[in-house]
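# Return atomic coordinates for the entry below.
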Amino acid sequence: KMGGNQTSVTEFILLGFCLGPRMQLLLFRIFSLFYTFTLLGNGTILGLIFLDPRLHTPMYFFLSHLAVVDIAYTCNTVPQMLVNLLSPTTPISFAGCITQTFFFLTFALTECLLLVVMSYDRYVAICHPLRYSAIMSWKLCITLAVTSWSCGSFLAVVHVSLILRLPFCGPHEINHFFCEILSVLKLACADTWLNQVVIFVASIFTLVGPLCLVLVSYTCILFAILKIQSRKGRRKAFSTCSSHLFVVGLFFGSAIVMYMAPKSRHPEEQQKVLFLFYSIFNPMLNPLIYSLRNAEMKSALWRALCK
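Predicted coordinates for the structure are as follows:
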């Protein structure tokens, strides 16, 4: 009991996508295919980096962390979404829902920080190639990776702690396909002002700050590329950086719109579509953009297949 005649909610129903059964089945098939591609693509990257000693460099070290985040992130949200597409009224327990929120925040925040670290790595490689191995020492790489994971986990703990102090007594239907933090907060039977403020402030530190750092890195990289004499070298560097920037733009853009724009601008159905970029498209695109267009990765794959 939570005082008076209010009873605490023990489970939630995820409403998911409010569509007809045939459309739900079609989405189930499409998302299952995307989910499989995501696991295969990121799993292949991890396997190749682990098995091929030539890929034991800082760039691929960070790339392996990004692959782990993408696998974990997708496994946290997509299976629940697939279950809901087949049987829309399947409940999720309160503890299960809060756990999903915690992991979603941990992996999303860690990815924000990893993308900054990866852009710094590319900046050093292109702007200071002769000092690269001295600057990007293994000690620094491990420190940056551990810091990214620690900050992501710590901020997730802060958000979840603030949710757990709230009473949930009334509606138990979450208008989303997973336990997304803003959708969960809408069901609280108390003022969520503090939660909203903390989310906004955290967004400045984990979205706006990192995005600015990434843009600074890539601006420096762009000027360095323009100084490259050979046209082939310029084209190769442009190709790599433009694809990285595409991923970064998609990831940070959708997150900033979700957590920092005025809520009235985006109806809930629109927000769900934005989250699909996060949950399915981004983790699926990362292996294609960061690795499979990469000559070293292709030759590593070829060597593995030949063995």
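# check contacts around residue 254.
274-275, 277-278 (CB atoms under 8 Å, 6 or more residues apart in numbering). The C-beta positions use only the backbone N, C-alpha and C, and glycine is treated the same way.
# ok, so of the residues you listed, who is nearest residue 294?
Nearest to residue 294 among the contacts of residue 254 is residue 277, at 22.8 Å by CB to CB.
# re earlier: just the contacts of residue 254 now: which is nearest residue 163?
residue 275 (18.0 Å).
# Run through the residues that contact the closest one.
176-178, 180, 254, 258.
# Could you rerun that using 10 Å?
Residue 275 makes contacts with 77, 81, 104, 176-178, 180, 183, 254-255, 258, as judged by CB atoms under 10 Å, 6 or more residues apart in numbering.
# how about those residues, which pair is most distant?
Every pair of those checked by CB to CB; the farthest is 81 and 255, at 18.5 Å.
# Could you identify which of the contacts of residue 275 has the most neighbours?
residue 77 (26 neighbours; other CB atoms under 10 Å).
# Low-confidence regions, the chain specifically.
Residue ranges of the chain with pLDDT under 70: 1-7, 240, 263-267, 292-293.
# what helix or strand is the nearest residue to residue 73 once chain neighbours are set aside on?
The shortest distance from residue 73 to any residue other than its chain neighbours is 4.0 Å, reached at residue 107 (CB to CB, 6 or more residues apart in numbering). Assessed by DSSP states H and E, residue 107 sits inside helix 94-127.
# Need the CA coordinates for stretch 156-176. PDB is fine.
Taking Å, rounded to 0.1, in the frame of the first residue of the first chain, the C-alpha atoms of stretch 156-176 are listed here in PDB:
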ATOM      1  CA  ALA A 156      21.700   5.600 -15.100                       C
ATOM      2  CA  VAL A 157      21.800   4.800 -11.300                       C
ATOM      3  CA  VAL A 158      21.000   8.500 -10.600                       C
ATOM      4  CA  HIS A 159      18.000   8.500 -13.000                       C
ATOM      5  CA  VAL A 160      16.700   5.100 -11.700                       C
ATOM      6  CA  SER A 161      17.100   6.200  -8.000                       C
ATOM      7  CA  LEU A 162      15.000   9.200  -8.700                       C
ATOM      8  CA  ILE A 163      12.300   7.100 -10.400                       C
ATOM      9  CA  LEU A 164      12.200   4.600  -7.500                       C
ATOM     10  CA  ARG A 165      11.300   7.300  -5.000                       C
ATOM     11  CA  LEU A 166       8.100   8.000  -6.900                       C
ATOM     12  CA  PRO A 167       4.800   6.300  -6.100                       C
ATOM     13  CA  PHE A 168       3.100   4.400  -9.000                       C
ATOM     14  CA  CYS A 169      -0.600   3.800  -8.200                       C
ATOM     15  CA  GLY A 170      -2.800   4.500 -11.100                       C
ATOM     16  CA  PRO A 171      -2.600   3.700 -14.800                       C
ATOM     17  CA  HIS A 172      -0.200   0.900 -15.700                       C
ATOM     18  CA  GLU A 173      -0.100   1.200 -19.500                       C
ATOM     19  CA  ILE A 174       3.100   2.600 -20.900                       C
ATOM     20  CA  ASN A 175       2.600   4.100 -24.400                       C
ATOM     21  CA  HIS A 176       5.900   2.800 -25.800                       C
END
